[in-house]
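>>> After the sequence you'll find the predicted model.
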Amino acid sequence: MSTSTTDLTPDHDDHEAVPLLERMPGRGSAAAWPLALVGAALLIAGSFLSWSFPDDVLGDLSVNFYPNGLQLCVVALGIAAVIFLLAYRGPLSRLGDWLDAASALRWIGLGAVIYMAATIIAIGWQTGAILNVNPGGWITLIGALLLLAGSLMLVSRNTRDPLFAKTSSWFEIITIIVLLALVLFGAAYALGLEDAVSFALFLLFAGMLSMALTKAGVFTWLGVVSQKNRQVLMFGAFAVAFLFPFTQGGSDENMSIATQVLIFAATALGLNIVVGLAGLLDLGYIAFLGAGAYVGAILSNSAFATIGWKPPFIVVVLIGALVSAILGLIIGSPTLRVSGDYLAIVTLAFGEIFRFTMGNLDGNNGPDLTNGPNGIPAIPDLKFGSFDFGQPHEVFGITLGRFANYYFLLLVIAAFIIFVFIRLNNSRIGRGWVAIREDEKAAEAMGVNVFGLKLFAFAGGAFLAGMAGTVKAHHDVSVTPDQYIFLESAFLLAAVVLGGMGTVAGVLVGATILKLLPEKLRFIADYRLMIFGLVLVLMMRFRPEGLIASQRRKLEFHHDDEDLAQRIEEVHLEEAEAKA
Amino acid sequence: MTVTDTPAPPTGPSTPDNPVLQARGVTMRFGGLTAVKDVDMHVNPGEIVGLIGPNGAGKTTFFNCLTGLYKPTEGEVRLQGEVLPPKPRAVVVAGMARTFQNIRLFANMTALENVMVGRYCRTSSMALTSILRGPKFRREEEATRARAQELLEFVGLGNSTESLARNMPYGDQRRLEIARALATDPKLILLDEPTAGMNPQETKQASDLIFRIRDSGLAVVVIEHDMRFIFNLCDRVLCLVRGEVLVEGTPHEVQSDPRVIEAYIGGGDDEDEEAPASTTESTEEQQ
């Protein structure tokens, strides 16, 4: 395979930044590299010193030579910086042939400066005086500034395209395992952070580090690697998700957030079949989750359930899914003949009709099915044989509480939805969906059953949401109409759009961001709609394909970007070769 | 790449009494405008029929009537004796495929995937089979892939199967469109200006390809503006003017008919006889 020695490093050519960078005084000077190294050393050393005088700010930052989590983040940044510096020049320079170390260093430097500035401001603000910042904090800030200055003076080396890097498979598998372990560790740590500022700082750290790795080209290589080791990655990711409750030490609070994220993610994954694969804009998707939840509640053992029949839960799941799918067929068959905006409006109206109907079936205006606005409360926990979901269980000496039990059940459902998603995507049906998205008329003229495939996507998505809904009813304990408002549909759609239409990983990320952040960052809770709105507008402008984009969607959003099309073809060929 | 690649077996004996396609009295009116007026046409098995006419003569509209994109105001279209319903998908399933005047490939799919979409109506695995992935699914998927590969080789694109359609050169895109149409196992293929925008060498390759398609047992109908191309290629030519068949006959007869020359240069049009500007059909036709 050819190894192109161009300076056209993939994905990360910042055309606008270059002229500004070139005007940087001392650019390319011999002092740049030592300066950055000194900065990185100070960064690490400073983090081992005390940052603040009082010991009750941002955890405890006051002890010398005993760094707490926030300080360890900076140590991690420093170590990453040293590795990239050695890759730029020194013993790791073979690594530097492939990775754009200078760009990565700039982002690490920038991240460290912002991180330290924010930390110092937070310490000063929370204790009331900037004097409370100990020398360690200042030393680390100076280190960060030196690192940034040094890295800005470094000139990027010519690198080879990491796409074509050939690595041994054991190295790749170890990388995947290490990365997944880091994700597990990071998630457990982040959820354990009590105060919002620490959490925000950790996000900043994670964001800047991944930005640096992106700029270096690590993710280009990881993309190929993960294609090559698909099974390992899937299995590993599932294992990480499975192990997560064991890291929480029985804390129900965090597990409650985690189950909510999982319900949200599972539903968003179902929506992704409709929106991401079939390309149908559905603004009333929450109604299908609601239909499942109502079925789950009505057929439960709740004293308020309106039907006397109590089938086993697995039957309830099937009925909920089927009722949802039938609703999907009923709403879909007349409306799927219209497309785009019209469909969006009809589905939006359907979502509202569902909510009002559920609020009115109280015996006064129709059959008493849902108890009207009061909903169905006191839904008992699930019981599989002798396994009671309401009771904590002890596994390997670790207590798993009520939410952990639901977490495992939801994990199974999410895995099922992912399974269906992937299999449908790589099949005759998936090809048909792509063809419909690309050119509906041409697809029809080539014999693709356009209407049938759209209807199937609609009903299939509804089926999966209905499944998740039946579990949600038991998890939430009560089902009321006002849980299924339009805003929830909008959030689901936002998760899909933000994360990346048509990808599993993207939607998982999107759902996590949208559900987790407001829980952890309580101080933005009042402004969350404004912030998410703003984020979506910015995404549409700068990255319409979402955070983790499917290649095809990326192409669709960039009609006339020929370089991108060439690039994606290269990636495709490389992946096809890797798979073979 | 060989003639033995048979996209579909010819059906029925090749007699004029048993045409593949029989259109009778096809008329298409848009409000007060009659775009196609009482057109009769038949295509025999293994025949290449050309459809010519000045811009705005109604050629593409007639094509759209045949393939179900338009529902003709009057008249009927029969494929192998069966009346075709005016639905594009039903027409494809019945065995008539087409290409488009302005290329309509699935731009962000690879060449192979494009052709595999063409196999959609000849395959049957549905949701459950796709999710469970039984042996039937695997076999069908394998066969689809193999057939698509074979067709790409047939049209001469065997080396660019994994290229994105939008990255391919113009001439290759035209050929890919033909491969995609062939994937639907048609008895008859309609080509709407297959050489538009091609250079002489590509045009030569295109006519070779059309001969090979014919030799594999299909009937072909071609719309073209390039007279040399069409007279060299076709067994029979229809000249359409203002929605009506003006002349029908062998290329030689049509070529020497004074009315045809009149229609092209006599009407005071600024078009050139040999190759009238081919890319701009009237907007009404492109619907």
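Sure, I can see it.
>>> Now the residue most central in space within chain A: which helix or strand?
Centre of chain A computed as the mean C-alpha position; nearest residue by C-alpha atoms, centre = their mean is A:Val509, 0.7 Å away. Assigned by DSSP states H and E, A:Val509 belongs to helix A:504-520.
>>> That helix - contacts with which helices or strands?
On a contact count with 3 or more C-beta pairs under 8 Å, 6 or more residues apart in numbering or on different chains; DSSP states H and E, helix A:504-520 meets helix A:252-272, helix A:402-425, helix A:486-499, helix A:528-542. The way it works is simple: take the backbone N, C-alpha and C, and place the C-beta from them, glycine included.
>>> Need the phi and psi values for B:Gly217.
The phi and psi values for B:Gly217, taken as degrees, to the nearest 10, are phi 110, psi 10.
>>> I should have written B:Val49 there, sorry.
Dihedral pair for B:Val49: phi -110, psi 130, per degrees, to the nearest 10.
>>> Tally up the residues packed near it, please.
A count of nearby residues for B:Val49, using other C-beta atoms under 10 Å in any protein chain shown, gives 23.
>>> Please apply the same query to the one 10 residues further on.
Residues within reach of B:Lys59, counting by other C-beta under 10 Å, total 27.
>>> The residue nearest to it when sequence neighbours are not counted and chain A: what is the separation?
Excluding its sequence neighbours, the residue lying closest to B:Lys59 (C-beta to C-beta, 6 or more residues apart in numbering or on different chains) is B:Ile223, at 4.8 Å. Here B:Ile223 is placed at a distance of 15 Å from chain A (C-beta to the nearest C-beta, to the nearest Å).
>>> wait, B:Ile223 sits on B:Phe63?
Yes - B:Ile223 is in contact with B:Phe63 according to C-beta atoms under 8 Å; the separation is 6.6 Å.
>>> who touches the closest residue to chain A within the stretch 101-250 of chain B in this structure?
In the stretch 101-250 of chain B, the residue that lies nearest chain A is B:Cys121 (3.1 Å; C-beta to the nearest C-beta). Applying C-beta atoms under 8 Å, 6 or more residues apart in numbering or on different chains to B:Cys121 gives the contacts A:446-449, B:89, B:92-93, B:184.
>>> Turn those into TSV, columns for distance to A:Phe235 and secondary structure.
Formatted as TSV, the contacts of B:Cys121 follow (distance: C-beta to C-beta, whole Å; DSSP: H, G, I helix; E, B strand; the rest coil):
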residue	distance to A:Phe235	secondary structure
A:Met446	37	coil
A:Gly447	38	coil
A:Val448	34	coil
A:Asn449	35	coil
B:Arg89	41	helix
B:Val92	42	helix
B:Val93	42	helix
B:Thr184	39	coil
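>>> State the pLDDT value of B:Thr11.
You'll see B:Thr11 listed with a pLDDT of 45.
>>> so how far is A:Ile286 from A:Ile298?
Going from A:Ile298 to A:Ile286 by C-beta to C-beta, to the nearest Å gives 18 Å.
>>> B:Tyr120 too?
As judged by C-beta to C-beta, B:Tyr120 and A:Ile286 stand 32 Å apart.
>>> cool, and B:Thr195?
Distance of B:Thr195 to A:Ile286, computed by C-beta to C-beta: 53 Å.
>>> And A:Trp221, by the same measure?
A:Trp221 sits 39 Å away from A:Ile286, going by C-beta to C-beta.
>>> cool, and A:Ala443?
A:Ala443 sits 29 Å away from A:Ile286, going by C-beta to C-beta.
>>> Same question for A:Gly452.
A:Gly452 is 25 Å from A:Ile286, where distance means C-beta to C-beta.
>>> Also A:Gly46?
Here A:Gly46 is placed at a distance of 49 Å from A:Ile286 (C-beta to C-beta).
>>> A:Gly84 and A:Arg106 touch, don't they?
Actually, residue A:84 is Phe. It isn't Gly. No - look at A:Phe84 against A:Arg106 with C-beta under 8 Å: they stay out of range, at 10.0 Å.
>>> Look up phi and psi at the residue nearest in space to the middle of chain B.
When C-alpha atoms, centre = their mean is applied to chain B, the residue found nearest the centroid is B:Leu190 (1.8 Å). Backbone torsions of B:Leu190, given as degrees, to the nearest 10, read phi -110, psi 120.
>>> Please name the residues that touch it.
When contacts are counted by C-beta under 8 Å, 6+ apart, B:Leu190 touches B:63, B:66-67, B:96-99, B:220-223.
>>> between those, which is closest to A:Gln483?
Closest approach between these and A:Gln483, by C-beta to C-beta: B:Thr67, at 49.2 Å.
>>> Run a quick check on that closest one versus B:Arg89, I expect a contact.
No - under the criterion of C-beta under 8 Å, B:Thr67 makes no contact with B:Arg89, lying 10.3 Å away.
>>> Now list whatever residues contact both of the two.
Counting by C-beta under 8 Å, 6+ apart, the shared contacts of B:Thr67 and B:Arg89 are A:Ala445.
>>> Where does pLDDT dip in chain A?
Along chain A, segments meeting pLDDT under 70 span A:1-19, A:250, A:579-580.
>>> likewise chain B?
Short version for chain B, where the test is pLDDT under 70: B:1-17, B:266-287.
>>> Mind naming the longest helix for it?
If each helix of chain B is counted by residues according to DSSP state H, the longest one is helix B:135-154.
>>> downstream neighbour of it in the secondary structure list?
Later in the chain than helix B:135-154, the nearest helix or strand by DSSP H and E is helix B:170-182.
>>> just checking, A:Ala117 touches A:Trp138?
No - applying C-beta under 8 Å as the test, A:Ala117 and A:Trp138 come out as separate, 11.3 Å apart.
>>> overlap in contacts of these two?
Joint contacts of A:Ala117 and A:Trp138 (C-beta under 8 Å, 6+ apart) do not exist.
>>> and chain A, what are its domains?
Split into domains by automatic domain parsing, chain A comes to A:17-240, A:259-486.
>>> Is A:Val471 within a helix or a strand, and which one?
Per DSSP H and E: A:Val471 is located in helix A:450-476.
>>> list the helices and strands that helix packs on?
Counting by 3+ C-beta pairs under 8 Å, 6+ apart, the packing neighbours recorded for helix A:450-476 are helix A:252-272, helix A:286-298, helix A:313-335, helix A:402-425, helix A:428-438, helix A:440-445.
>>> Can you say which of those is packed in most?
Compared across the helices and strands packed on helix A:450-476, helix A:286-298 shows the largest average neighbour count, a mean of 30 (mean count of other C-beta atoms under 10 Å in any protein chain shown).
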